[in-house]
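J.: model this:
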Amino acid sequence: RKQGNHFQYNKDAGMFVCPAGHLAIRKARQGKKNICKNQADTYYFDVEKCKVCHLREGCYKEGSRTKSYSITIKSELHKEQMAFQETDYYRKKSKERYKIEAKNSELKNVHGYGRADSYGVQNMEMQGAMAIFTVNLKRILKLI
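T.: Residues are numbered from 1 along each chain as shown. Below is the predicted model of the structure:
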């Protein structure tokens with residue numbers, strides 16, 4: 001998390017502390033395990049303390065019954081993806097992606113490849129072949 005006036009983690013209590021120094025009263029884990037989605041630890045604070053807190057502006061909404069702070073726990077799949085995005089291979093390939101996306105956009109928006117004209121895999125293959133042939137032909141004529 002970025003530095004600043006944020007919630008701090010207290011290792012001894014295993015809970016978060018708000019910027020005013022109030023400790024969370026309970027902790028709950030939300031989301032299911034082992035389904036490749038991120039779970040979240042939600043920390044709940046005492047609303048009665050929030051009502052009289054001098055730092056309540058921007059933190060506590062008047063009339064709310066609960067005050068919580070959530071931290072997402074990255075799944076293994078997301079951790080692997082984040083590690084992959086830090087590699088030089090990913091950075092090199094991402095710099096070339098705009099060229100591919102521009103061509104895909106032209107196929108979809110200009111040549112009607114975004115929607116099938118007729119039913120069936122063979123018809124879709126034919127539509128794709130015709131759209132790609134048209135784009136390639138336009139490029140050849142442009143280069144001549």
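
J.: just the helices in the chain please.
T.: For the chain, applying DSSP state H gives helices covering 47-52, 76-85, 88-109, 121-143.

J.: Tell me which of these sits nearest to residue 22.
T.: Of all the helices of the chain, helix 47-52 sits nearest to residue 22, with 5.0 Å by CB to CB. To be clear about C-beta, it is placed using only N, CA and C from the backbone, and glycine gets the same treatment.

J.: Which positions in the closest one come out as buried?
T.: Using 16 or more other CB atoms under 10 Å as the test for burial, helix 47-52 gives 49, 50.

J.: How far off centre is it?
T.: 32 Å (CA atoms, centre = their mean, to the nearest Å).

J.: Can you tell me what sits against it?
T.: Contacts with helix 47-52, where a contact means CB atoms under 8 Å, 6 or more residues apart in numbering, come from 20, 22, 56, 59, 60, 64, 65, 66, 67.

J.: could you redo the last one with a cut-off of 10 Å?
T.: Contacts with helix 47-52, where a contact means CB atoms under 10 Å, 6 or more residues apart in numbering, come from 18, 20-23, 25, 56, 59-67.

J.: Filter the residues you listed down to the buried ones, ChimeraX style.
T.: Buried residues within these, by 16+ other CB under 10 Å, are selected in ChimeraX with:
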select :18,22,56,59,60,67
